[in-house]
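J.: Please find the sequence and the predicted model below.
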Amino acid sequence: MREVADEFANPVMLYSVGKDSAVMLHLAMKAFYPAKPPFPLMHVNTTWKFQEMIKFRDETVKRLGLDFIEHINQDGIARGINPFDSGSSLHTQVMKTEALKQALDKYKFDAAFGGARRDEEKSRAKERVFSFRSAAHAWDPKAQRPELWRVYNTRINKGESIRVFPLSNWTELDIWQYILAENIPIVPLYFAKKRPVVERDGTLIMRDDERMKLRPGEKVEERLVRFRTLGCYPLTGAIESDADTLEGIVTEMFTARTSERQGRLIDSDEKASMEKKKKEGYF
Amino acid sequence: MNAPEGAPRATDNSTKSDLQKFLADQEKKTLLRFLTCGSVDDGKSTLIGRLLYDTKLLFEDTLASLEKDSKKFGTTGEDIDFALLVDGLEAEREQGITIDVAYRFFATDKRKFIVADTPGHEQYTRNMATGASNSELAVILIDARKGVLTQTRRHAYIASLLGIRHIVLAVNKIDLVDYSQSVFDGIVADFNAFAEKLGFASQIAIPLSARYGVNVMAKSPETPWYQGPALLNHLESVDVDTALEKGPFRLPVQWVNRPNLDFRGFSGTVVGGRIKPGDTVAVAKSGRTTKVARIVTMDGDMKEAVAGDAVTLTLTDEVDTSRGDVLSAPEARPDVSDQFAAHLLWMAEEEMLPGRQYLLKLATATVPASVSELKHKVDVNTLEHLAAKTLTLNDVGYANFSLGAPLAFDAYRDNRDMGGFILIDRFTNATVGAGMIDFGLRRATNVHWQALDVNKEARARMKGQKPVVLWFTGLSGSGKSTIANLVEKSLTAEGKHTYLLDGDNVRHGLNKDLGFTDADRVENIRRVGEAARLFVDAGLIVLVSFISPFRSERRMARELVGKGEFVEVFVDTPIEVCMQRDPKGLYEKAKSGAIKNFTGIDSPYETPEQAELAIKTVDGPAERHAQAIVAYLRERGYLG
């Protein structure tokens, strides 16, 4: 992180409000202590995030006294893009991928931190820690820079940028253990609680607001659930769990038999869909 | 997909103790980073998939997706194709090969593992080196049916080059040779014959079948003749301790932390040794020493930091250090030099050219650098040294480097972080090479000539003349400078390009540190000879007006330039005449003993025997002699 702060003119930390972002932000606070991280946080808001996420986000920014930028794709809002009618694929494309590109162009950031980990998904396993993006924000998996030792090539031409993944070599279990060890605040949604959920296509969706219309036969139930991963509420599946403490979550983790992205509906849209999104500029 | 039915619900009573035990176990685990390499179809990806599967690191949904994929892309019939787990990119799945380095994570009760899965093709050697750069052990796969191949040797060599000290030779697909001991022994003997030269600290061979799990997790009854451990047992127990924290302290300064005027900290990762407040540290580049005041972290000051810790140090004195410098143990400092010898692995399509400038990044320092001399290229298959002028993609060479600024470094074998560097193309910004420093160079003998494209001929042609040294020698007061001055005026009037080096004038500048002893007179002439040679190289007609009393130094000056580029002019004036002229009053002083070592009085003048021109100044005015010299030059074609 200090490497980026020193070698880039205008870095930014992409903050998604999730547990990985929480850890990444915590590391940044430590890396630059007693100074503050010399870059702003940016949240690309699809407007479909859980309300609790936004509340937690605002509290965190205030507590740490950081520069904060929120970006919303207004063009997408105008076009009425939403996860229910547009489909998860188009929604993600417009409100996340395109929104991110807009924001990077708008503020002319030359380096962006992301909380992605190599253990999350197959194509991410081949991602570099310092990942080069063309001026059009595209990722070319076949032309990645070799990355040896801890020596990172930070040289770019005007308009190009680098995505930096400080948590590349962390696993989901590492993240939880670290949150536990360092007592890092996280969004309460990770803890089990009675929440209003709808079972749709085999997944438990939390009805976070009235924008989610019920289909015939569906009903809202109060169930004891929590989330292993957080995104847009209509695209994020809950799991039934009674783990309402960090200890409980870690205990559940080491006996878990399903991968965390199972709750992410966007990954299974089409084969190799993550690689495709990344080539287009998704994190 | 529903919530997992099988996920156990820990009761409140057992949660705490189970968790504490679990966390305590996690703490104790060491981390092993290893890479797997092998030729196409040796079964690398299958082996890693097998390790993930057998260590129960696969989740139910991943398995479900794998079963679906196996039917679509699989090459294993009805069985699960583990390779599909790790071949992440679309192109890889379609072609059934691994292109890029992929990192995988798994753990057992004893250790955590990070696996770098690297491609086998020759064109992906650089990717293998990338994986190897952060690994402590290499698993080299061999197809039991094919035996040791060229690639096997290349993989072993690159692993050793990148500093990997531990090797596992995995003889895979042993099921396809009927679990034959003789096939296995033959392969091992073949490999050992080659690997001996590489000097690995530990090296074992294991007969395997990744597809059927033979000797992966546990010893298999299929190979009763095999006495060694199963692969996973070995990976769990092999001692790869590199003892970096026992080496000398090193902290490459990454960032200077200055939140306000009262705080000045130096941040970076300790890459060697350990450090405590009160310890003395040396700033590598300036050599200055100071003491560590505090080790600052957000969770309070630390009592000690060891290799691997990312810290911020404050120092007791204001020392001048910045990003790229290294804080080090004062009794064992890193080399600081602008030249070193290193192995270089070339990773770009465009070839490496000696003399071309690249950017070199080592630890936190970035400096301009070029290869000053490519000593040889290594045939990675036979380890033979081959003569080479350039390096192409995937070549390994050994070269001397010359840097634009001094750099602090250690030998790669002593410290990977302090001795491993990358080269970056200045125009494309691509990472084009990876280097491993062998040792620093300081002696002048290691300064190499820069090859230049604009040469003497080209410069002389522009000036319409042939460069030459007119070397005027003779006693003090013989008239050398007077005649040389007239010759130069005449040549300049003709539009020729000249320069006059006069003894007295040069002694005011270039040679002002020299006296008049014989040794100093020799050095005086050597320097003037070298200066004249550079001017000849620049295409000029150089007039040198020096007493230059010794024959051997005049010969030395003559031999510095090419044939026909040296015209010796003996200004022959009897000493009596000189003493009579005595324009600077020097003979008078010499005779009275006020000047020692005066040529002709108490220091000898060796008369030239083969001067091109001899001028008797008593025979006529200086102007006529000057015209004669110009005529000599014209006749011989020096004036174009």
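T.: That came through, no problem.
J.: what about the chain, any weak spots by pLDDT?
T.: Since you didn't name a chain, this refers to chain A. A:121-124, A:141-143, A:254-283 (pLDDT under 70).
J.: You answered for a different chain; I wanted chain B.
T.: Looking at chain B by pLDDT under 70, you get B:1-19, B:39-41, B:56-100, B:120-123, B:242, B:442-453.
J.: which helix in it runs the most residues?
T.: helix B:518-537 (DSSP state H).
J.: What is that helix packed up against?
T.: helix B:456-463, strand B:468-473, strand B:498-502, helix B:503-508, strand B:541-545, helix B:551-560 (3 or more CB pairs under 8 Å, 6 or more residues apart in numbering or on different chains; DSSP states H and E). All C-beta spots, glycine's among them, are computed from the backbone N, C-alpha and C.
J.: Which one, of the ones you listed, ends up nearest to chain A?
T.: Nearest of these to chain A, taken as CB to the nearest CB: helix B:456-463 at 34.9 Å.
J.: ok so, going back, buried ones in the longest helix of chain B, by neighbour count?
T.: B:521, B:523-525, B:528-529, B:531-533, B:535-537 (16 or more other CB atoms under 10 Å in any protein chain shown).
J.: coming back round to it: turn the helices and strands packed on helix B:518-537 into CSV, including mean neighbour count and distance to residue A:107.
T.: Output for the helices and strands packed on helix B:518-537, formatted as CSV (neighbours: other CB atoms under 10 Å in any protein chain shown; distance: least, CB to CB, whole Å):
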stretch, mean neighbour count, distance to residue A:107
helix B:456-463, 14, 52
strand B:468-473, 27, 65
strand B:498-502, 19, 59
helix B:503-508, 15, 61
strand B:541-545, 28, 62
helix B:551-560, 17, 62
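J.: okay, the ones you listed in JSON lines with distance to chain A next?
T.: Listed next are the helices and strands packed on helix B:518-537 as JSON lines, based on distance: least, CB to the nearest CB, whole Å:
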{"stretch": "helix B:456-463", "distance to chain A": "35"}
{"stretch": "strand B:468-473", "distance to chain A": "47"}
{"stretch": "strand B:498-502", "distance to chain A": "44"}
{"stretch": "helix B:503-508", "distance to chain A": "46"}
{"stretch": "strand B:541-545", "distance to chain A": "45"}
{"stretch": "helix B:551-560", "distance to chain A": "43"}
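J.: dump the residue contacts of residue 144.
T.: No chain was given, so I picked chain A. By CB atoms under 8 Å, 6 or more residues apart in numbering or on different chains, residue A:144 lies in contact with A:126, A:128, A:131-132, B:100.
J.: I was after chain B.
T.: Taking CB under 8 Å, 6+ apart as the test, what residue B:144 contacts is B:171-174, B:176-177, B:180, B:183-184, B:187, B:207.
J.: Also residue B:207?
T.: B:144, B:171, B:174, B:179, B:184, B:214-215, B:223, B:226.
J.: Go through those residues and say which is closest to residue B:399.
T.: residue B:171 (36.1 Å; CB to CB).
J.: Mark which of the contacts of residue B:144 are part of strands, please.
T.: B:171-172, B:207 (DSSP state E).
J.: near chain B at all, the lengthiest strand in chain A?
T.: Longest strand in chain A, counting residues (DSSP E): strand A:193-200. No. Using CB under 8 Å from any CB of the partner chain, strand A:193-200 stays clear of chain B, with a minimum separation of 8.7 Å.
J.: What strands line up against that strand, and which way round?
T.: If you go by DSSP bridges, strand A:193-200 pairs up with strand A:203-206 (antiparallel), strand A:221-226 (antiparallel).
J.: just how off-centre is the longest one within its chain?
T.: Distance of strand A:221-226 from the chain centroid (CA atoms, centre = their mean, to the nearest Å) equals 23 Å.
J.: buried residues in that strand?
T.: For strand A:221-226, by 16+ other CB under 10 Å, it's A:223, A:225-226.
J.: Then stretch B:181-196?
T.: For stretch B:181-196, by 16+ other CB under 10 Å, it's B:183-184, B:187-188, B:191, B:194-195.
J.: Let me know the closest of the contacts of residue B:144 to chain A.
T.: residue B:172 (21.7 Å).
J.: if I read this right, the closest one contacts residue B:143, doesn't it?
T.: Yes. Assessed by CB atoms under 8 Å, residue B:172 is found in contact with residue B:143 at 6.2 Å.
J.: quick one: common contacting residues for those two?
T.: B:38, B:42-43.
J.: how about these in a markdown table, adding secondary structure?
T.: Listed next are the shared contacts of residue B:172 and residue B:143 as a markdown table, based on DSSP: H, G, I helix; E, B strand; the rest coil:
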| residue | secondary structure |
| --- | --- |
| B:38 | coil |
| B:42 | coil |
| B:43 | coil |
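J.: Restricting to those residues, which residues neighbour chain A?
T.: Applying CB under 8 Å from any CB to the shared contacts of residue B:172 and residue B:143, none is adjacent to chain A.
J.: Which of those sits closest to residue B:254?
T.: Among the shared contacts of residue B:172 and residue B:143, and counting by CB to CB, the member closest to residue B:254 is residue B:38, at 36.5 Å.
J.: Apart from its neighbours in sequence, what residue is nearest the closest one?
T.: residue B:141 (3.0 Å; CB to CB, 6 or more residues apart in numbering or on different chains).
J.: Nothing else from me, thank you.
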